[in-house]
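Q: what would the 3D arrangement of this be:
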Amino acid sequence: MLKVYLFRLLFLALFLYQLPVQAQQKKAVELEDLFASNYFNPTGVYGIDWMQKGKYYTAMSSDDQSDRQLIKKYDITTGEEIAVLFDNTKIQGWVSSQPFVFSDYHLGPDQDNILLANELESIYRRSTKAYYYLYNIKTKEIKQIHEGDKISYATFSPDGKKIAYVRQNNMYYTLVDDIKEIAITDNGKFNHIINGSTDWVYEEEFSFAKAFFWSPDSEKIAFYTFNESEVKEYNMQVWGPLYPEDYKFKYPKAGEKNSLVAIRIFDLEHQETLDLKISDDHDIYIPRVFWTNDPSMLAVIKLNRLQNHLQLYHTNADNGDLKLVLEEKSETYVDIDYNDEYIYLENGKGFVTTNEQSGYKHLYHYDLEGNLVTQITHGNWEVDDFYGIDQKRKIAYFTSTEESPLERHLYTIKLNGKSKTQLSKKNGNISANFSPDFSYYIASFTAVDEPMLVTLHKAPSGKQIKVLEDNARLKQRLANHTMGKKSFFSFDTEDGTSLGAFMIKPHNFDPSKKYPVIMYVYGGPGSQVVLNNWGGQRDMYHHYLTQHDFIVVGVDNRGTGGRGKAFKHKTYAQLGKYETMDQLSGARYLAGLPYVDEDKIGIWGWSYGGYMSSLAIFDGAEELAAAIAVAPVTNWRFYDTIYTERYLKTPQLNPDGYDAWSPITHAYKLEDDYLLIHGTGDDNVHFQNAVELQNALIAANKQFDSFFYPNRAHGISGGITRYHLYSMMTNFWLEKLKNN
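A: Here you go, the predicted model:
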């Protein structure tokens, strides 16, 4: 009996001794965790809407275990929840047996009403339609804005008394107190006339879909009208029915006709529409329209077709008179990106905007006549996001690359260019959401070791009030898994150009071993993959690959962002040339490292990155062993007017720029393993790109692998599609770079 007791005691001691060891054993990252669940997805603070009455903000909240959704009101000074403004389980007038579920909301200026989007449906990248409902916070009653088909972009007027929206390509508005549809236009027609929304190419390349704007006094609505009757249609087959269906939409390819664009102003009091005459030349772009502080003055930006001449006009909203205020010209292109802002100062003190005229994107203050008052920021670094101006304190808020092209930090500066103060201190990338009076902001911060940190701050001091989300649970999950270490480095190309790069090594890296390398590339104009931020699912996939003893590397070639105009515009009129040279130079640099197997270097990319990986494998037979291209552009003649002509001019003016660095042109050089992947329902980079490249490879008698995803769009998603895609890519890498 004593022996049995001693045996049990010894067993227990050994078990207890092993517990700390077992507790320290880390799990491998699995593809199912990345793409079949939200296991490694960070949590943010969603649906933030600042309240104008008092120091409060609102945010969406939901219960993962049920369909309950809330909109909560928070005290800015403490960050504490003080009220529930909306509870989808407590609605007066909702008669459906199904719970009311919303995807988006907007609080009315009077703080008494909320606009809620139900059954929100994506159309293209930014365009949506939904059933919109108006909810009264006091009475808890809800009523539908329009009964019948879905509508788009329901928006309160500044006084909160009216709501404008788009339905079936026409503009409408209604009164909040009397939901009755009033038509502004009646000529809208699918694939012909669009009112109040953008056409496909404006949405994709100028980064907006809602194309109407309330005047500050709520008395007028400025809106776009697109006549796309002469734009050629692209035809996508939708697979599934016994006889596949056609989906045709207007898509202007490089060198082809664009929509005719008009700006119109509707006067609600007189029920009249004023058509603005922006230009005698109709082959132009109007990338931005916005009201100034004066309700009778509309600002309109015009670009020529080649996008190297920008003009800012001030327009009299009562009679349509235009006045040219500001011009900017470039030998390459004038960059219009999603975060461009023109902020008008109170009391007619002019406006503040950004441009690249110094060689770097900076802030400039102009008077209303377009005369330069002062260049606010200076230096060999870039302003990234311009968040706006605290008019009371006369200070601007922006993020920039001053610390490093790999990072974005938040700053404040006086409009006279003095007293620049850095508000963010931690190494990484920050974005901010400011209250309307710029007294507070919510910061979202990420770094390679910080998935998402959301904090509430006082402005302009930057003092932190509260942590809103720290993703502690996700960080613990990450700590329990074998993760490679991501580091940053730079190297010089053969012509002396310094390029930035990242590297992820296996967690058990042994410098005496030889590792295969997978390069990840995007490489498009103004983009960056080399950033000190949390890279999301794709970065986690790269960590997953390191568990199979791959090293993963990313290089930012010439043409990418964060390093000034000369570096970014280097690729103008010859996309693909310098980018490919730089990626192959990166492969040669890696091949020279003692722990890299020089015969097993691969490259992959998506979209522009697929274009790059295709060119690299075709031109880099000596440097690369394998490549994957997902949804690549294979000839820029197949892509849209705005993006392509901005960087290449038109095919008529620059045919060699289109063909010299087309993967189709270089397909005959393929000597290594190549996997081409595309979705047949890609409305952006059409499946046509994959078809024509395959034709060229077949004509050259080249063997390759290919896979198509039926009806999948550019993001190739839906159900377990992503899991399937990344599983296939992993198997390709294992077969071509590990098992050969």
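Q: so how far is Phe491 from Ser585?
A: 8 Å (CB to CB, to the nearest Å). Backbone N, C-alpha and C define where each C-beta goes, glycine included.
Q: now do the shared contacts for the two.
A: Leu499 (CB atoms under 8 Å, 6 or more residues apart in numbering).
Q: burial of Gln52, as a residue count?
A: Using other CB atoms under 10 Å, Gln52 is surrounded by 14 other residues.
Q: and it, that one's in a strand?
A: No - in this structure, Gln52 is coil, not part of a strand, as judged by DSSP: H, G, I helix; E, B strand; the rest coil.
Q: need the helix or strand of the chain with the lowest average pLDDT.
A: In the chain, the helix or strand scored least confidently by mean pLDDT, DSSP states H and E is helix 2-24, which has a mean of 42.
Q: and the pLDDT for Arg473?
A: Confidence at Arg473, expressed as pLDDT, is 94.
Q: sorry, wrong one. I was asking about Tyr397.
A: Here, the pLDDT recorded for Tyr397 equals 98.
Q: Gly586: which element?
A: Using DSSP states H and E, Gly586 maps to helix 577-591.
Q: which outside residues touch that helix?
A: Helix 577-591 is touched from outside by 491, 493-494, 497, 499, 501, 517, 519, 521, 523, 553, 555, 557-559, 570-571, 596, 598, 601, 603, 612, 615-616, 619-620, 623-624, 660-661, with contacts defined as CB under 8 Å, 6+ apart.
Q: tell me the mean pLDDT over stretch 116-123?
A: Stretch 116-123 comes out at a mean pLDDT of 94.
Q: sorry, back to before: give me the more crowded residue out of Ser585 and Phe491.
A: Applying other CB under 10 Å to Ser585 and Phe491 shows that Ser585 carries more neighbours, namely 21 against 16.
Q: A helix includes Val201, no?
A: Yes - under three-state DSSP, Val201 falls within a helix.
Q: what about it, how many neighbours?
A: Neighbours of Val201 (other CB under 10 Å): 22.
Q: okay, helices next: where are they in this structure?
A: 2-24, 31-35, 200-205, 472-479, 536-546, 565-569, 577-591, 608-619, 641-648, 655-659, 663-666, 688-699, 721-733 (DSSP state H).
Q: CSV for these, including distance to Tyr387?
A: Formatted as CSV, the helices of the chain follow (distance: least, CB to CB, whole Å):
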stretch, distance to Tyr387
helix 2-24, 44
helix 31-35, 33
helix 200-205, 23
helix 472-479, 27
helix 536-546, 23
helix 565-569, 22
helix 577-591, 31
helix 608-619, 28
helix 641-648, 25
helix 655-659, 36
helix 663-666, 39
helix 688-699, 37
helix 721-733, 33
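Q: among those helices, show the one with the smallest mean pLDDT.
A: Among the helices of the chain, helix 2-24 carries the lowest mean pLDDT (a mean of 42).
Q: picking that back up, out of the helices of the chain, deepest packed?
A: Among the helices of the chain, helix 608-619 has the highest mean neighbour count (mean count of other CB atoms under 10 Å), at a mean of 28.
Q: by contact count, what packs against it?
A: strand 515-521, helix 577-591, strand 596-606, strand 626-630, helix 663-666, strand 673-679 (3 or more CB pairs under 8 Å, 6 or more residues apart in numbering; DSSP states H and E).
Q: which residues touch the third one?
A: Taking CB under 8 Å, 6+ apart as the criterion, the residues outside strand 596-606 that touch it are 514-523, 551, 583, 587, 590-592, 611-613, 616-617, 623-632, 729, 733, 736-738, 740.
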